[in-house]
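A.B. asks: whatever this is, show me its structure:
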Amino acid sequence: MGIAAFLMMGLVLAGFMVISESGDDSDSSEQNDTAGDGRDDTLVGGDGDDLLAGKSGDDDITGRGGFDILLGGDGDDLLKGRDGDDLLIGGDGDDNLRGGQDNDLLQGSGGNDTLKGGEGNDLLVGADTTNRDLTEDDIHALGNGATPEQLNYRYQPPTDPESNLLEGEEGNDTLLLGENDTGVGGEGDDAFEIGEWVDVTSDQEAPLITDFDEEDDVLIVRYAQSQPAPRITLSIQDDTRHVYADGQLVARVQGDGGPFFAGDVRLQPI
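C.D. replies: Numbers count the residues shown, from 1 in each chain. Here you go, the predicted model:
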């Protein structure tokens with residue numbers, strides 16, 4: 001499932017309950033409230049569809065049941081989706097995002113983030129993929145049923161240079177990788193997406209895929225629709241295959257599968 005489709009599927013849902021409590025304590029009551037005030041918040045959703053926003057501070061946010069939107073904001077946050085199809089956005093800081101059960105979208109944004117999809121078919125994005133940050137007004141508008149298009153909130157290729165660890169774990173997952181990212185698909189048929197946004201000055205900055213299985217997984221290179229498709233070439237260095245798009249290194253691939261050729265790379269326009 002593509003990023004835009006996943007966002008449209010989830011964010012258009014209305015009737016979210018905003019549950020938050022400022023300060024170093026926990027709140028799981030069913031009340032409409034504002035987001036945290038910048039301290040370390042512990043937010044726990046109910047069994048329904050929740051919208052939990054931590055703002056700044058080092059927050060611990062748990063969605064539990066239903067379709068939940070968890071927003072960490074600034075600080076080093078821990079976001080746990082648990083049951084249901086969830087959207088987790090870490091924001092700035094070094095965040096730990098755990099999707100849990102079902103099909104989740106995890107976006108780390110700024111900082112050195114760790115994303116674990118858990119069960120289900122998940123989409124993991126280590127870097128920013130939207131044209132701007134969500135504001136508090138946006139959060140309430142989304143909870144009232146506004147669409148991303150109405151808020152001018154849209155997808156764009158990631159540009160975050162931080163180091164992120166993306167682990168799909170179980171299910172058929174999609175991992176969107178940027179510079180300095182490491183992708184681990186785990187079980188299932190996984191898709192690793194890279195693209196023209198990867199602009200490295202050394203091999204070690206290129207995204208690293210550690211468990212690629214040629215029989216089950218797919219490597220996708222994205223390119224601008226206004227440009228011709230790039231020419232894919234490969235080179236092998238030790239146990240790592242280097243993938244180039246028009247001569248630019250865009251990925252390093254490791255795995256125990258069978259032969260892997262340039263023609264196996266799937267090209268898709270943005």
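A.B. asks: wouldn't Asp94 be in contact with Asp113 here?
C.D. replies: Yes: between Asp94 and Asp113 a contact is recorded at 6.4 Å, counting by CB atoms under 8 Å. In this view, the C-beta of every residue, glycine as well, is placed from N, C-alpha and C.
A.B. asks: what pLDDT is listed against the residue lying farthest from the centre of the chain?
C.D. replies: Among residues of the chain, the one most distant from the C-alpha centroid is Asp238; the distance is 30.0 Å, by CA atoms, centre = their mean. What the model reports as pLDDT for Asp238 is 88.
A.B. asks: higher neighbour count, Asp94 and Asp113?
C.D. replies: Taking other CB atoms under 10 Å, Asp94 and Asp113 do not tie; Asp113 has more neighbours (30 against 18).
A.B. asks: close enough to count as contact, the more buried one and Arg98?
C.D. replies: No: contact criterion CB under 8 Å: Asp113 and Arg98 do not qualify, at 11.5 Å.
A.B. asks: can I assume Asp243 sits in a strand?
C.D. replies: Small correction: residue 243 is Val, not Asp. Yes: secondary structure of Val243 (DSSP: H, G, I helix; E, B strand; the rest coil): part of a strand.
A.B. asks: that one: neighbour count?
C.D. replies: Using other CB under 10 Å, Val243 has 24 neighbouring residues.
A.B. asks: likewise for Lys116?
C.D. replies: Around Lys116 there are 21 other residues, counting by other CB under 10 Å.
A.B. asks: and for Pro161?
C.D. replies: Other residues lying near Pro161 total 14 when counted by other CB under 10 Å.
A.B. asks: look up how far Gly75 lies from it.
C.D. replies: To Gly75, Pro161 is 20 Å away according to CB to CB, to the nearest Å.
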